[in-house]
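Participant: turn this into a structure:
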Amino acid sequence: MTEIGSVGTLGELLASRRRRRFVGRTSEVELFRVALESPEPPFLLLDIHGPPGIGKTRLLDVYAELATEAGASVARLDGRDLVPSPPAVLQALGALEVSELDGTIAGPSHDGRLVIMFDTYERLAPLDDWVRTWLLPRLPATALTVIAGRAAPDSAWRSDPAWRELLRVVSLRNLSPDDSRTYLHACGVDPGRHDQLVQLAHGHPLALSLLADVVVRGGEAAADPLTPDLVGTLLRRFVETVPSGDHRRALEMCALARVTTEALLREVLGLEDAHQAFGWLRELSFVESESEGVYPHDLARDALEADLRWRDPDGYRQLIRGVRGHINRRMQTSGGQEQQRAIADAKYLFRRLPGVPSPVDWAAWGHQYPEPARPADREPILDLVLAWEGEASSTITARWWERQPEGFFVVRGRDSGIAGFVVVLDLTRASAEDIAADPGARSAWDYAERHGAPRPTETITQSRFIVDRDAYQGPSPALNAVATLAMQRYLGTPNLAWDFLTLADPERWDAYFAAADQPRADGADFWVDGRRYGVFAHDFRQVPMGALLERITERALAQETTPSPSTIKPALLVLSQKEFDDSTRQALRDLRRPDLLARNPLLRTRLVHDRAGEEEPSGATLATLLAAAVETLREHPRDDKLRLAVERTYVHPAATQERAAAALGLPFSTYRRHLTQGVNRVVAWLWDQEVYGKHH
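Facilitator: All right, here's what the predicted structure looks like:
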């Protein structure tokens, strides 16, 4: 009541409350104040642009108050209220004096500076040339003009050398977290809710205002997903009109993908004119352009994605799978930094695994990539290990630098210094002495030996050291690099068996890596300098790369971190060479018995699963594979006698081996020798396929 009694009019009361809730924008306000108070201002035209709801109109309110207090004449026009024509604008400026002699314009009083403000300038875009070439040149030389709209000024303003000197352009951004909390405090929001609302709104003033209103009135503002009412309000502000269904689908894809390109639109949406849709996206006020493509502001992305997921769950899942398929092909057919960008795109799709804290620094994701360390990086790397983990770890790191320097990768900061680093070891190339000298490597190796030792030519890798200069092993560019390097390793390492990840204080990431199918290795924790480290493990022979991506995709789409038992396929068997040999020989003996083949251990190997494709492996799958293995004996004419012996014994068997020998016209001892050699060749071929993959 005191506040109401202290002002004279309702307008003054409204202005008072607006001032109380105006936060941030310090540099923008100071920029205008300096121009207003300077006899020779540094600019005469201030362009303020940004997406809907970012606070352009509220900033103009503050400018108008400052100008009025300074004794200036203020004329304010809003594109929403005007027909975009010169007469309409001149009529709106009717309070100003227009000279009949030369058309020059002055304020209603010749005392003080003239300030003209255009709001919602995008509605006056057809008049942009007229405003630049006719209207503004007729203003007094001391007049100050402010244009506020969604888009940056047309290039014609910048291409004119004279205007370029008189123009200042400001891209209005979201509020900082501190400014957002100040705003929520001014609205009377419980401080205990501030962090949740700040995270949800991404500093967007309109979203903060809507959320504060909900909470102050006793409503709920769930952090994920956004409520349909809030989404609807935001979307109406972000997207006033969408030309067609194709444009809406393009916009939805833009919200899901980290960056959107014409190639992505063309392939996933099947658009014949992807160029037109891409151009439309680029013109939207809440969409930014960069070298890789276009992307929406964070809040617009959240609102669009939440709306699609709530409104059309099937369409949401279909679009995610389409984008993932496009990205997977890019990952598998590219290399170097192009592959790293594709990996960044792939992981970004699944940034919202519900209820699980993520180790990823999403603000830095896709902006910094790991690169091989240089010789000069050795000392800075060892200094970081010493600072964060102690002398023993630093000594171990120095040993690995001597043994496997190619496994050291760094993330560089803006100063080209080391912002963080990752060490990736190939344990199968390490000597027994080197593994024994490192408790972390020894722990990972021993776990692999207990749970599935590497077979000949198979590889075991370990992300052994991870240090960010500022965050150590918290969400950071260095921890981001681990995910990028791991995916490159999965795609490029032949016969990768185990991959291990080493982290200090591992409990905090247990849920995340379990959901990502790289759970904590039971009994593999180890200690260095009094600090405990955990090891997270994945066996790619049991769950290969394709199956891993599919699992993660489906979990994210189901919004569940743990899928129901009915959706979990059993892990694959990792047979030793002897076990594989015995199982193959038994399968040949059972070739005519599908019921027995269905129980053969080979049915749960990667070899048979690869051959089955999308189908569930069966005895028939194994029988077809065995027949194909026998057919490989046709490749060399000298092996034909071996093929005939195997075929007559197992594929088209005689009643007894003696009759098989007779049917082939061979002495029994010769038949047995051919059969043994042929079976050995079949077993060797299948083992080669199991270890190296079907495309070897």
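
Participant: how about low-confidence regions in the protein?
Facilitator: Within the chain, the segments meeting pLDDT under 70 span 1-20, 95-111, 213-214, 217-241, 285, 352-357, 559-571, 613-614, 693-696.

Participant: longest single helix anywhere in it?
Facilitator: In the chain, taking DSSP state H as the definition, the longest helix is helix 668-692.

Participant: and that one, how far out from the chain middle?
Facilitator: Centre-to-centre, helix 668-692 and its host chain are 48 Å apart (C-alpha atoms, centre = their mean, to the nearest Å).

Participant: list the buried ones in that helix?
Facilitator: Of all the residues in helix 668-692, those buried under the rule 16 or more other C-beta atoms under 10 Å are 671-672, 674-675, 677-679, 681-683, 685-687, 689-691. To be clear about C-beta, it is placed using only N, CA and C from the backbone, and glycine gets the same treatment.

Participant: got the contact list for the residue of the chain most remote from its centre?
Facilitator: For the chain, the residue at maximal distance from the C-alpha centroid (C-alpha atoms, centre = their mean) is residue 667, at 67.5 Å. Taking C-beta atoms under 8 Å, 6 or more residues apart in numbering, we find residue 667 in contact with residue 661.

Participant: next one: residue 343
Facilitator: Residue 343 is in contact with 331, 483-484, 487-488, counting by C-beta under 8 Å, 6+ apart.

Participant: element containing it?
Facilitator: Taking DSSP states H and E as the definition, residue 343 sits inside helix 336-348.

Participant: what helix or strand is the nearest residue to residue 467 once chain neighbours are set aside located in?
Facilitator: Spatially, and ignoring its direct neighbours in sequence, residue 467 is nearest to residue 384 (4.8 Å; C-beta to C-beta, 6 or more residues apart in numbering). Using DSSP H and E, the element containing residue 384 is helix 378-389.

Participant: re the thing from before, using TSV, lay out the contacts of residue 343 together with distance to residue 81 and secondary structure.
Facilitator: Listed next are these as TSV, based on distance: C-beta to C-beta, whole Å; DSSP: H, G, I helix; E, B strand; the rest coil:
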residue	distance to residue 81	secondary structure
331	51	helix
483	51	helix
484	51	helix
487	53	helix
488	56	helix
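
Participant: now do the helices in the stretch 301-450 of the chain.
Facilitator: If DSSP state H, counting those that start in this stretch is used as the criterion, the helices of the stretch 301-450 of the chain fall at 313-333, 336-348, 378-389, 391-403, 432-436, 439-452.

Participant: and the next helix or strand after the last one, what other elements does it pack with?
Facilitator: Just to be clear, that refers to helix 439-452. Sequence order places strand 459-468 as the next helix or strand after helix 439-452, per DSSP H and E. Secondary-structure packing of strand 459-468 (3 or more C-beta pairs under 8 Å, 6 or more residues apart in numbering; DSSP states H and E): helix 378-389, helix 391-403, strand 418-426, helix 439-452, helix 477-492, strand 496-504.

Participant: looking at the ones you listed, spot the one closest to residue 510.
Facilitator: Closest to residue 510 of those, according to C-beta to C-beta: strand 496-504, at 10.0 Å.

Participant: contacting residues around the closest one?
Facilitator: Residues from elsewhere that reach strand 496-504 (C-beta under 8 Å, 6+ apart): 389, 440, 444, 447-448, 452, 454-455, 458-466, 472-473, 482, 486, 489-490, 509, 513, 518, 521, 531-541, 574.

Participant: go again with 7 Å.
Facilitator: Contact with strand 496-504 is made by 440, 444, 448, 454, 458-464, 473, 482, 486, 489-490, 509, 518, 531, 533-541, as judged by C-beta atoms under 7 Å, 6 or more residues apart in numbering.

Participant: with stretch 537-554 instead?
Facilitator: Here stretch 537-554 makes contact (C-beta under 7 Å, 6+ apart) with 324, 328, 350, 447, 452, 490, 496-500, 516-518, 521, 563, 567, 571-572, 574, 606.

Participant: filter those to the buried ones?
Facilitator: Buried members of these, scored by 16+ other C-beta under 10 Å, are 324, 328, 350, 447, 452, 490, 496-500, 516-518, 521, 572, 574, 606.

Participant: using PDB, write down the CA coordinates of the helix holding residue 384.
Facilitator: C-alpha atoms of helix 378-389 as PDB (Å, rounded to 0.1, in the frame of the first residue of the first chain):
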ATOM      1  CA  ARG A 378      54.700 -32.800 -21.600                       C
ATOM      2  CA  GLU A 379      55.700 -30.500 -18.700                       C
ATOM      3  CA  PRO A 380      52.300 -28.700 -18.600                       C
ATOM      4  CA  ILE A 381      50.500 -32.000 -18.600                       C
ATOM      5  CA  LEU A 382      52.700 -33.400 -15.800                       C
ATOM      6  CA  ASP A 383      52.200 -30.200 -13.800                       C
ATOM      7  CA  LEU A 384      48.400 -30.600 -14.100                       C
ATOM      8  CA  VAL A 385      48.600 -34.200 -12.800                       C
ATOM      9  CA  LEU A 386      50.800 -33.100 -10.000                       C
ATOM     10  CA  ALA A 387      48.400 -30.300  -9.000                       C
ATOM     11  CA  TRP A 388      45.300 -32.400  -9.100                       C
ATOM     12  CA  GLU A 389      46.400 -36.000  -8.300                       C
END
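
Participant: relative to strand 418-426, how tilted is that helix?
Facilitator: Counting by axes from the mean of the first three to the mean of the last three C-alpha atoms, to 10 degrees, helix 378-389 lies at 90 degrees to strand 418-426.

Participant: so the residue nearest to residue 467 sits against residue 470, correct?
Facilitator: No: the criterion here is C-beta atoms under 7 Å, and residue 384 misses it with residue 470 at 10.5 Å.

Participant: comparing the two, which residue is more hemmed in?
Facilitator: Taking neighbours as other C-beta atoms under 10 Å, residue 384 and residue 470 compare with residue 384 leading, 23 against 11.

Participant: I'd like the distance between the more buried one and residue 469.
Facilitator: As for residue 384, its distance to residue 469 is 6 Å (criterion: C-beta to C-beta, to the nearest Å).

Participant: same check, this time on residue 652
Facilitator: Remark: distance between residue 652 and residue 469 (C-beta to C-beta) = 69 Å.

Participant: outline the domain layout of this protein.
Facilitator: Per automatic domain parsing, the domain ranges recorded for the chain read 2-171, 177-223, 235-348, 371-567, 577-692.

Participant: turn these into a markdown table, columns for distance to residue 365.
Facilitator: Shown next, in a markdown table, are the domains of the chain (distance: least, C-beta to C-beta, whole Å):
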| stretch | distance to residue 365 |
| --- | --- |
| domain 2-171 | 21 |
| domain 177-223 | 15 |
| domain 235-348 | 6 |
| domain 371-567 | 6 |
| domain 577-692 | 31 |
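
Participant: tell me which of the ones you listed lies nearest to residue 359.
Facilitator: So among these, domain 371-567 is nearest, using C-beta to C-beta, at 5.2 Å.

Participant: and the residue nearest the centre of the chain, how far is that from residue 306?
Facilitator: Residue closest to the average C-alpha location in the chain (C-alpha atoms, centre = their mean): residue 348, at 1.7 Å. Residue 348 sits 16 Å away from residue 306, going by C-beta to C-beta.
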